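Peer 1: Quick one: sequence plus predicted model below, questions after.
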Amino acid sequence: MPENQESLKCPFCLNHCIEPKSGKTRCPVCEVELEIDDRLECVFANIEKPSLPAMGTICGSCGLIQSHDTMTCLYCGTELNTTLQ
């Protein structure tokens, strides 16, 4: 992530409104609970209070939000279930 980036994009409401700092946080627009890793590269959802992201897939084991076409979690290796609508 570029050091001059002032905000991160929320994977749920797609607004650039999340303060770029590691740790637990909440989107000020849609109020979803998130946790951001120390490198500011991985965003984890709270799997105790699940919400559907506007983009991507949430690992049900660790909560990592990742690309929708990922078959195995990039963080913990859990096989991801896909659902067709």
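Peer 2: Alright, I've got the coordinates.
Peer 1: Under the pLDDT cut-off, which ranges of this protein? List them.
Peer 2: 1-4, 82-85 (pLDDT under 70).
Peer 1: all helices for this structure, in order.
Peer 2: Counting by DSSP state H, the chain forms no helices at all.
Peer 1: which ones are touching the closest residue to Cys10 other than its chain neighbours?
Peer 2: Of all residues not flanking Cys10 in the chain, Cys27 sits nearest, at 4.4 Å (CB to CB, 6 or more residues apart in numbering). All C-beta spots, glycine's among them, are computed from the backbone N, C-alpha and C. Applying CB atoms under 8 Å, 6 or more residues apart in numbering to Cys27 gives the contacts Cys10, Phe12, Cys13, Asn15, Cys17, Ile18, Leu34.
Peer 1: Count the residues that sit near the residue nearest to Cys76 when sequence neighbours are not counted.
Peer 2: Distances taken as CB to CB, 6+ apart place Cys62 nearest to Cys76, at 4.3 Å, with adjacent residues excluded. Look at Cys62: counted by other CB atoms under 10 Å, it has 16 neighbours.
Peer 1: if we can go back for a sec, now the buried members of the contacts of Cys27.
Peer 2: Using 16 or more other CB atoms under 10 Å as the burial test, those include Cys10, Phe12, Cys13, Ile18, Leu34 as buried.
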